[in-house]
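[1] Requesting a structural model of the entry that follows:
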Amino acid sequence: MKKLPAILIVEDEVVIRTTLSEFLTSEGFDVAEAANVGEALALAQQRDFQVALCDVQLPDGDGIALLRRLQQLDPNLFVLVITSYATVENAVEAFHAGAADYLVKPVLFEDLRHKIDRLFRFRQLYVENQALRRELSRQDSFGEIVGSSIPIREAQASIRKIAVTRSNVLLEGESGTGKELFARAIHRAGPNASERFLAANCATMPVELLESQLFGHRKGAFAGAESDQQGVFHHAGEGTVFLDDVAQLPLGTQAKLLRVIEHQEVVPLGGVEPQSISARIVASTTRDLAQEVSEGRFQEDLFYRLNGVKMRIPPLHERLDDIPELVDSFLGKHTAKMGKRVSGVDSETMRLLMSARWKGNVRQLDNAIERAVIMCEGTQIRPQDLPPDLLGVGQLLPATDDLRSAREHYERLHISRVLRQCPDKREAAKRLRLGLSSLYRKIEDLGIEV
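    I've put the predicted structure just below:
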């Protein structure tokens, strides 16, 4: 059965709201009604709407502010503002807030139908345009960097400026943010993109093996060194060497790396003659290198050599708008690998993904989607397919048949989600339709971590 286009009506006058609802229902739309800001936000969090009709004057808030909140929840939602007074100032304010059009009371059905049809046509073009832009962005030199949020666009702009130089680069970011992807993007957008990109993890092997990997070794330099071997700095040629987690380098190795940067040469383990190298260095760290220097764990000279061109990689919680695109990308990767026909995620699952904590950043999201594809039995991922501890507040489904425990479990999940989306407890209490004191009592009784 084909799903009907969904419209949300936000109007406090019962007669007007009911009349609009009856007319739009008769015209073949799936209509939901809200009498105030709180009801509108609750409905918008529970289901998806394509268009919203929103009165400017509401009993518990401003319709323009509600418009902004609705579009934060769903950027693809088009809002039609209803006002009693058609002034230039009202219209300008509504359009600046993101309204797609506006109507003046009393609403004429013919005018309403014309504007609704126009909005749905425009919305379809907008959604198709956004999809095309995402596809084009995936085909540019940034490769696997998925996203079109402001932090990602700013990062891409930085890459364009950084890449054209041969300067060494330091990437700072939390674990799981995809620092190697950004390093590869810098390499691909640079003047030596055809040369090699070689990566070395500075924290995963003994010092002797790490230095051998970086600088090479001569036969007999250590047990097992049966022949001469070149290191990654030599093999990279004029390409890029990516040093992942550079803060983990031992101090002795840091001194050797400093020589590489200052003199563009390496001395293999067991050797005496330096070898010239010309590779560019892109290093990454999850730690504050300035703090590491002050505590004596990182060489100050090396810090200044690496810190000249620095770029911060945004964590996932700063780029939540990218989650739908990232989910699409990870779905494509994992369904192809597993041969499963999973086409997407349902709206409830997407809301859960958008409100999760993501301490493990993009890597954690990738793992969550991989697990969900494995568990999914249909064509769309549902909440029960996600990792049970995704929200960081226990299992999605309670491990008990006791109704009271199950109710408390759901309340804990729901209140935690609202508090993450709305840290202002007074505003969160309004959205939950609780008194502020009741919300504080719930937080304490349910053991919710704020």
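[2] List of residues touching stretch 370-382?
    Stretch 370-382 is contacted from outside by 330-331, 334-335, 338, 340-346, 348-349, 369, 384-387, using Cβ atoms under 8 Å, 6 or more residues apart in numbering. C-betas here are computed from N, CA, C, even on glycine.
[3] buried ones in it?
    Neighbour-count burial for stretch 370-382, counted by 16 or more other Cβ atoms under 10 Å, picks out 370-373, 376, 381-382.
[4] Look up which residues are beta-bridged to residue 381.
    residue 345 (DSSP bridges).
[5] Just to be sure, which of the contacts of stretch 370-382 are found in strands?
    344-345 (DSSP state E).
[6] follow-up on the earlier one: between the buried residues of stretch 370-382, which is nearest residue 229?
    residue 370 (35.8 Å; Cβ to Cβ).
[7] and the closest residue in space to residue 361 that isn't next to it in sequence, what element?
    Leaving aside its chain neighbours, residue 361 sits nearest to residue 176 (3.5 Å; criterion: Cβ to Cβ, 6 or more residues apart in numbering). Under DSSP states H and E, no helix or strand contains residue 176.
[8] list the contacts for residue 176?
    316, 360-364.
[9] Could you pull up the residues touching residue 25?
    Contacts of residue 25 by Cβ under 8 Å, 6+ apart are residue 31.
[10] can you tell me which residues contact the closest residue to residue 54 other than its chain neighbours?
    Nearest residue to residue 54, sequence neighbours excluded (Cβ to Cβ, 6+ apart): residue 10, at 4.5 Å. Shown in contact with residue 10 (Cβ under 8 Å, 6+ apart): 34-37, 39-40, 52-55, 58, 63, 66.
[11] Can you tell me which of those lies closest to residue 411?
    The shortest gap between residue 411 and any of those belongs to residue 39, at 19.4 Å (Cβ to Cβ).
[12] hang on, the closest one is in a helix, isn't it?
    Yes - assessed by DSSP: H, G, I helix; E, B strand; the rest coil, residue 39 belongs to a helix.
[13] Roughly how far does it sit from residue 22?
    19 Å (Cβ to Cβ, to the nearest Å).
[14] and if you look at residue 238?
    71 Å.
[15] related to what we said a few turns ago, PyMOL command to pick out the buried ones of the contacts of stretch 370-382?
    Of those, the buried ones go into a single PyMOL selection, burial set by 16+ other Cβ under 10 Å:
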select buried, resi 330+331+334+335+342+345+349+369+385+386+387
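[16] Kindly report the domain assignment for the chain.
    6-135, 150-314, 317-385, 403-445 (automatic domain parsing).
[17] looking at the ones you listed, which is closest to residue 144?
    When those are compared (using Cβ to Cβ), the closest one is domain 150-314, at 5.2 Å.
[18] quick check, distance from that closest one to the centre of its chain.
    27 Å (Cα atoms, centre = their mean, to the nearest Å).
[19] which residues of this protein score low on pLDDT?
    Low-confidence segments of the chain (pLDDT under 70): 1-2, 85-92, 130-143, 391-401, 421, 450.
[20] Now do the same for the residue lying closest to residue 355 once chain neighbours are set aside: helix, strand or coil?
    Residue nearest to residue 355 in three dimensions, not counting chain neighbours: residue 417, with 4.6 Å by Cβ to Cβ, 6+ apart. Recorded secondary structure, residue 417: helix (three-state DSSP).
[21] how close does residue 417 get to residue 389?
    Applying Cβ to Cβ to residue 417 and residue 389 gives a distance of 14 Å.
[22] Can you list the buried residues in stretch 13-29?
    16-17, 19-21, 24, 29.
[23] What of stretch 408-421?
    For stretch 408-421, the neighbour count (16+ other Cβ under 10 Å) marks 408-409, 412-413, 415-421 as buried.
[24] Now that stretch - C-alpha only, PDB.
    Only the C-alpha atoms of stretch 408-421 are listed here, as PDB (Å, rounded to 0.1, in the frame of the first residue of the first chain):
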ATOM      1  CA  GLU A 408      11.200   2.600  33.800                       C
ATOM      2  CA  HIS A 409      13.700   1.300  31.200                       C
ATOM      3  CA  TYR A 410      11.800   3.000  28.400                       C
ATOM      4  CA  GLU A 411      11.500   6.200  30.500                       C
ATOM      5  CA  ARG A 412      15.200   6.200  31.100                       C
ATOM      6  CA  LEU A 413      15.900   5.800  27.400                       C
ATOM      7  CA  HIS A 414      13.400   8.500  26.300                       C
ATOM      8  CA  ILE A 415      14.300  11.100  28.900                       C
ATOM      9  CA  SER A 416      18.100  10.600  28.200                       C
ATOM     10  CA  ARG A 417      17.500  11.100  24.500                       C
ATOM     11  CA  VAL A 418      15.600  14.300  25.000                       C
ATOM     12  CA  LEU A 419      18.200  15.700  27.400                       C
ATOM     13  CA  ARG A 420      20.900  15.000  24.900                       C
ATOM     14  CA  GLN A 421      19.000  16.800  22.200                       C
END
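[25] what's the distance between it and the middle of its chain?
    21 Å.
[26] Likewise for stretch 69-89?
    Worked out by Cα atoms, centre = their mean, stretch 69-89 lies 26 Å from the chain centre.
[27] Could the C-alpha coordinates of that stretch be exported in PDB?
    The C-alpha trace of stretch 69-89 is given here as PDB (Å, rounded to 0.1, in the frame of the first residue of the first chain):
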ATOM      1  CA  ARG A  69      13.200  23.700  15.700                       C
ATOM      2  CA  LEU A  70      11.200  21.600  13.200                       C
ATOM      3  CA  GLN A  71      13.800  22.100  10.600                       C
ATOM      4  CA  GLN A  72      16.600  21.100  13.000                       C
ATOM      5  CA  LEU A  73      14.800  17.800  13.500                       C
ATOM      6  CA  ASP A  74      14.300  17.300   9.800                       C
ATOM      7  CA  PRO A  75      16.100  19.600   7.200                       C
ATOM      8  CA  ASN A  76      13.800  18.200   4.500                       C
ATOM      9  CA  LEU A  77      10.700  19.400   6.200                       C
ATOM     10  CA  PHE A  78       9.100  22.400   4.300                       C
ATOM     11  CA  VAL A  79       7.100  24.800   6.500                       C
ATOM     12  CA  LEU A  80       4.100  26.900   5.400                       C
ATOM     13  CA  VAL A  81       3.500  29.700   7.900                       C
ATOM     14  CA  ILE A  82       0.000  30.800   8.700                       C
ATOM     15  CA  THR A  83      -0.500  34.400   9.900                       C
ATOM     16  CA  SER A  84      -3.400  36.700  10.700                       C
ATOM     17  CA  TYR A  85      -1.600  39.800   9.500                       C
ATOM     18  CA  ALA A  86       0.100  39.900   6.100                       C
ATOM     19  CA  THR A  87       2.900  42.500   6.500                       C
ATOM     20  CA  VAL A  88       6.200  42.700   4.700                       C
ATOM     21  CA  GLU A  89       8.000  42.400   8.100                       C
END
